[in-house]
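S.K.: Build the 3D model from these lines:
(chains A and B)
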Amino acid sequence: MNIAHLTEEQLQTLADSTDGTTSLEMDHISACPICRIKFENYQSINLAIQELPMATFDPDLPDDIVNMLIPQKIPIHWAALVAATLGGILVTVSAVIYGKQFIALFIQLPIILRYFFGILPLSFICMQTVLFVIRYRQKLNMIIKKTDSFAT
Amino acid sequence: MSTTTTIQPDADRELVSQILRRNPHAFKKLIIDHEKLVAHFVYKMIPVAADRRDIIQDVYIKVYNNLGHFRFQSKLSTWIGQITYNTCLHYLRKKRPLLLESFFEDSNLSYVDYKIAHASTNTTEDGLYARELTQTIAHAVTQLPALYQTLIGLHYQQELSLQEISEITQLPEGTIKSYLFRARKQLKDILLKSQKREEL
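M.R.: Below is the predicted model:
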């Protein structure tokens, strides 16, 4: 048995990894209770640190970052938008051409159809306009963030 | 000590190429894959909880903007670690110069908020002992200087090698080895002191 006790550095290196350890040092540890206790203490500390809980992000943060940098495109239903616009134009032109006759015909329609032809195209156009604004704001936020990042 | 980054270089290349094609799912995967590393730096180095979210966003903006210039000369995790470390240092330099000074000194900044309460719900005796030990170690770790806390976490929790830590922090390997030695020694002394207090 080697009489000289191992240094703190040797003990830490041994406890940290088996790389670079010599059998002489391990022989000493198995034979010397003082060094063995110190070695086991360092091993316990290392293991306990590994077991400590790790910090994590807020759950919504990854999605926020992704949406800021790569905004998901909200699909625009072009066909429906064009159909609604054409329908609106057709109704307006008909009203201008046929005047009172057209209004009388419209009033004779059941109430559901009146809403369908009158309000639906209008609300659809409004909805698409709102979506346009949202997408514009997303792009604007991204540009602001990128500019801030470059500035720093 | 071996690294445990689960991402392989080929997988990294594929992930990066997907992100460069503006694939949001790939970018989210990158964020989640490196969450613990980035969170470790930010939670250890930034004392103001309200600023952490902005700093994390800033880190990923830099990652996203510079990903096209990444040449795979190091591991992706090392590169992201470098960006995070430098972003945190930049924040401290700009907004908290005194804290930056203390980060590199042996001060007692105990601002790590580990979620100890959720560490273990085991009700067996072993579980209780393990939880008590975890709490004791966690408390002892918070008494270390912030730089030591960061390095200890990188080495043992993130399982980064000395070379990788050196690449990230730009500190020489020998210096990191010496800091880790001092950190472990201090940790042992803190634990021994607290044990003696309990025995008294």
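S.K.: Can you say which helix or strand has residue A:80 in it?
M.R.: For residue A:80, the element it lies in under DSSP states H and E is helix A:78-108.
S.K.: And that helix, what's buried?
M.R.: Neighbour counts over helix A:78-108 (16 or more other C-beta atoms under 10 Å in any protein chain shown) mark A:84, A:88, A:106 as buried. Placement of C-beta: from N, CA and C, glycine included.
S.K.: Pipe these into CSV and attach distance to residue B:55 per row.
M.R.: Shown next, in CSV, are the buried residues of helix A:78-108 (distance: C-beta to C-beta, whole Å):
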residue, distance to residue B:55
A:84, 46
A:88, 50
A:106, 60
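S.K.: Just the closest of those residues to chain B, please.
M.R.: Proximity of the buried residues of helix A:78-108 to chain B (C-beta to the nearest C-beta) peaks at residue A:84, which lies at 29.8 Å.
S.K.: Pull the distance from the helix holding residue A:80 to the chain's centre.
M.R.: From the chain centre to the centre of helix A:78-108 is a distance of 44 Å (C-alpha atoms, centre = their mean, to the nearest Å).
S.K.: Next: stretch B:191-200.
M.R.: Distance of stretch B:191-200 from the chain centroid (C-alpha atoms, centre = their mean) equals 29 Å.
S.K.: which residues does the spatially most central residue of chain A contact?
M.R.: In chain A, the residue lying closest to the centroid (C-alpha atoms, centre = their mean) is residue A:63, at 1.0 Å. By C-beta atoms under 8 Å, 6 or more residues apart in numbering or on different chains, the residues touching residue A:63 are residue B:28.
S.K.: Which of the residues in the one helix or strand it maps to are classified as buried?
M.R.: Here residue A:63 sits within helix A:61-69, counting by DSSP H and E. Of the residues in helix A:61-69, A:61, A:62, A:64, A:65, A:66, A:68, A:69 count as buried by neighbour count, 16+ other C-beta under 10 Å.
S.K.: Is the first one in contact with residue B:54, as I believe?
M.R.: No. The pair formed by residue A:61 and residue B:54 falls short of the contact definition of C-beta atoms under 8 Å, at 10.8 Å.
S.K.: Show me what the top helix by length along chain B is packed against.
M.R.: Ordering each helix of chain B by length in residues (DSSP state H) puts helix B:173-199 first. With contacts taken as 3 or more C-beta pairs under 8 Å, 6 or more residues apart in numbering or on different chains; DSSP states H and E, helix B:173-199 sits against helix A:8-16, helix A:33-51, helix B:125-142, helix B:146-152, helix B:162-169.
S.K.: Who are the packing partners of whatever helix or strand comes next after the first one?
M.R.: Reading on from helix A:8-16 to the C-terminus, the next helix or strand found by DSSP H and E is helix A:23-31. In this structure, helix A:23-31 makes packing contacts with helix A:8-16, helix A:33-51, judged by 3+ C-beta pairs under 8 Å, 6+ apart.
S.K.: Could you check how many residues crowd around residue A:115?
M.R.: Neighbour count of residue A:115, defined by other C-beta atoms under 10 Å in any protein chain shown: 12.
S.K.: typo on my end, it should be residue A:44
M.R.: With other C-beta under 10 Å as criterion, residue A:44 counts 15.
S.K.: Does the helix holding residue A:80 pack against any helices or strands, and if so which?
M.R.: Short answer (3+ C-beta pairs under 8 Å, 6+ apart): helix A:78-108 packs on helix A:111-118, helix A:120-151.
S.K.: What's the mean pLDDT across stretch A:109-128?
M.R.: Averaging pLDDT along stretch A:109-128 gives 76.
S.K.: now the end-to-end length of that stretch.
M.R.: End-to-end distance for stretch A:109-128: 27 Å, by C-alpha to C-alpha, to the nearest Å.
S.K.: what comes into contact with it?
M.R.: Against stretch A:109-128 from outside (C-beta under 8 Å, 6+ apart): A:76, A:77, A:80, A:81, A:84, A:85, A:87, A:88, A:91, A:106, A:107.
S.K.: switch the cut-off to 7 Å
M.R.: Contact with stretch A:109-128 is made by A:76, A:80, A:81, A:84, A:87, A:88, A:91, A:106, as judged by C-beta atoms under 7 Å, 6 or more residues apart in numbering or on different chains.
S.K.: Reformat those as a markdown table; add distance to residue A:30 and pLDDT.
M.R.: Output for these, formatted as a markdown table (distance: C-beta to C-beta, whole Å; pLDDT from 0 to 100):
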| residue | distance to residue A:30 | pLDDT |
| --- | --- | --- |
| A:76 | 74 | 69 |
| A:80 | 80 | 78 |
| A:81 | 81 | 77 |
| A:84 | 85 | 77 |
| A:87 | 90 | 80 |
| A:88 | 90 | 78 |
| A:91 | 95 | 76 |
| A:106 | 99 | 74 |
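S.K.: Of all pairs in the residues you listed, which one is the farthest apart?
M.R.: For those, the farthest-apart pair by C-beta to C-beta is A:76 and A:106; their separation is 29.6 Å.
S.K.: thinking residue B:30 is in contact with residue B:14, fair?
M.R.: No. Using C-beta atoms under 7 Å, residue B:30 is not in contact with residue B:14, being 11.3 Å away.
S.K.: Which residue of the two possesses the greater neighbour count?
M.R.: Counting neighbours by other C-beta under 10 Å for residue B:30 and for residue B:14 shows that residue B:30 has the greater number, 24 against 13.
S.K.: which stretch of helix or strand covers the more buried one?
M.R.: Counting by DSSP H and E, residue B:30 is part of helix B:24-33.
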